[in-house]
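Student: Quick one, structure for this:
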Amino acid sequence: MRQRRIGSFSVSAVGLGGMPMSIPGRKDRATSIATIHAALDAGVTLIDTADAYTAPSDGQGHNEELIAEALASYGGDSSSVLVATKGGLIYADPGPWTRGGTPGYLTDAAKQSAARLGVDAIGLYQFHRPDPDVPYAESIGALKNLVQEGVIVHAGISNADTDQIREAHSILGDDLVSVQNQFSPAHTDSRAELDLCAELGLAFLPWSPLGGIHRASDLAEDHSAFGDVAAELEVSPQQVALAWELSLADVVVPIPGASRPPSIIDSAKAADLKLSNEQLANLGC
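Tutor: Next up, the predicted model:
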């Protein structure tokens, strides 16, 4: 499988987003663990999670604990897997989720995430969403301290605009390795952030790269060009969408969510799907 870089880590060009396996409406635990194992069997070496991926009765950290269990029970070698998690949101039902961007909160949250994941240091820890009640520099400063203390290896940010990316980069320097924003055929508002990441050499991790949990299956219906290219190549429109995103810059690593083995097996194939210039032009590239 094609590889890409996130800081010091080499990871699969397509990752696995763990959110659907933990939020309300999720599949049973055995199916979720089988999904993670299927991803590993397919060559996926990046798993994205967050302490806020959970349901009302579980408290913070359900998805982190699920991933830790799946990795521990996997029969193969998982030593090259990078688990990226996030902090700064507190699950609320029905919402909105509470934001926690104070240095104290982020420091405690990161240490709790490390304990749930069963690691001495989190490979990639990302600030989930800016807190309007806390200066952004203070939140990012907490990530810098976490790196210096050895709680995390690399830092990232999520749901950030270009000004916030530049501010985080000025504070963290080489310790900042990723930006995770929403991006898909249906949501291209973060193209400027993607281009800035390419300029700065930061990994850009599109969340909901297929349009979201409730729209991914309708991708060809919503965006006919992707369906046309998929029919031509005899692959799924979802594979085409992920391959299109990978074509935009060498720093892009989409993280499609999955809750069943067939979904992530199909998505993983996009890492090696090459689109022609003509096909990319038909997709609006």
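Student: the strands in this structure, which residues?
Tutor: Using DSSP state E, the strands of the chain run over 3-6, 9-12, 16-17, 46-48, 82-87, 89-90, 98-99, 122-127, 152-158, 176-180, 203-204.
Student: Show me what the third one is packed up against.
Tutor: Yep, that's strand 16-17 we're talking about. Judged by 3 or more CB pairs under 8 Å, 6 or more residues apart in numbering; DSSP states H and E, the packing partners of strand 16-17 are helix 29-41, strand 46-48. C-beta: built from backbone N, CA, C; applies to glycine.
Student: and it, average pLDDT?
Tutor: Across strand 16-17, pLDDT averages out at 98.
Student: circling back: any chance of CSV for the strands of the chain, columns mean neighbour count and distance to Leu219?
Tutor: Compiled in CSV, these are given as follows (neighbours: other CB atoms under 10 Å; distance: least, CB to CB, whole Å):
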stretch, mean neighbour count, distance to Leu219
strand 3-6, 17, 23
strand 9-12, 20, 21
strand 16-17, 28, 16
strand 46-48, 27, 20
strand 82-87, 27, 24
strand 89-90, 20, 27
strand 98-99, 15, 30
strand 122-127, 25, 26
strand 152-158, 25, 23
strand 176-180, 26, 21
strand 203-204, 26, 20
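Student: So in this protein, where's the weakest helix or strand by average pLDDT?
Tutor: Within the chain, confidence by mean pLDDT, DSSP states H and E is lowest for helix 219-222 among all helices and strands, at a mean of 86.
Student: contacting residues around Pro24?
Tutor: By CB atoms under 8 Å, 6 or more residues apart in numbering, Pro24 lies in contact with Ala55, Pro56, Asp93.
Student: Throw those into CSV and include pLDDT and neighbour count, thanks.
Tutor: Below are these laid out as CSV (pLDDT from 0 to 100; neighbours: other CB atoms under 10 Å):
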residue, pLDDT, neighbour count
Ala55, 90, 15
Pro56, 83, 10
Asp93, 77, 11
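Student: Filter these down to just the ones in helices.
Tutor: Using DSSP state H, no member of the contacts of Pro24 falls within helices.
Student: Name the residues that touch stretch 264-278?
Tutor: For stretch 264-278, contacts defined as CB under 8 Å, 6+ apart pick out 1-2, 12-14, 16, 35, 38-39, 42-44, 210, 229, 233, 235-236, 238-244, 246-247, 254, 256, 258, 283.
Student: Any quick PyMOL command for the buried ones out of the residues you listed?
Tutor: In PyMOL, this line selects whichever of the contacts of stretch 264-278 come out buried by 16 or more other CB atoms under 10 Å:
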select buried, resi 12+13+14+16+35+38+39+42+43+44+210+229+233+235+236+238+239+240+241+242+243+244+246+247+254+256+258+283
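Student: The contacts of stretch 264-278 in helices, which ones?
Tutor: Using DSSP H, the contacts of stretch 264-278 in helices are 35, 38-39, 229, 233, 238-244, 246-247.
Student: And these, which is closest to Ala168?
Tutor: Nearest to Ala168 among those: Leu246, at 24.1 Å, using CB to CB.
Student: Next one: the closest one, what pLDDT does it get?
Tutor: pLDDT, Leu246: 98.
Student: I figured it was touching Val240, is that so?
Tutor: No - with contact defined as CB atoms under 8 Å, Leu246 and Val240 do not form a contacting pair (10.7 Å).
Student: mind putting the helices and strands packed on strand 16-17 in JSON lines, mean pLDDT included?
Tutor: Below are these laid out as JSON lines (pLDDT from 0 to 100):
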{"stretch": "helix 29-41", "mean pLDDT": "98"}
{"stretch": "strand 46-48", "mean pLDDT": "98"}
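Student: could you dump those to JSON lines with distance to Tyr125?
Tutor: Formatted as JSON lines, these follow (distance: least, CB to CB, whole Å):
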{"stretch": "helix 29-41", "distance to Tyr125": "20"}
{"stretch": "strand 46-48", "distance to Tyr125": "12"}
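Student: closest to Ala137 out of these?
Tutor: strand 46-48 (25.1 Å).
Student: What lies in contact with that closest one?
Tutor: 6, 11-12, 15-18, 36, 39, 67, 81-85, 180, 205, 207, 253, 255.
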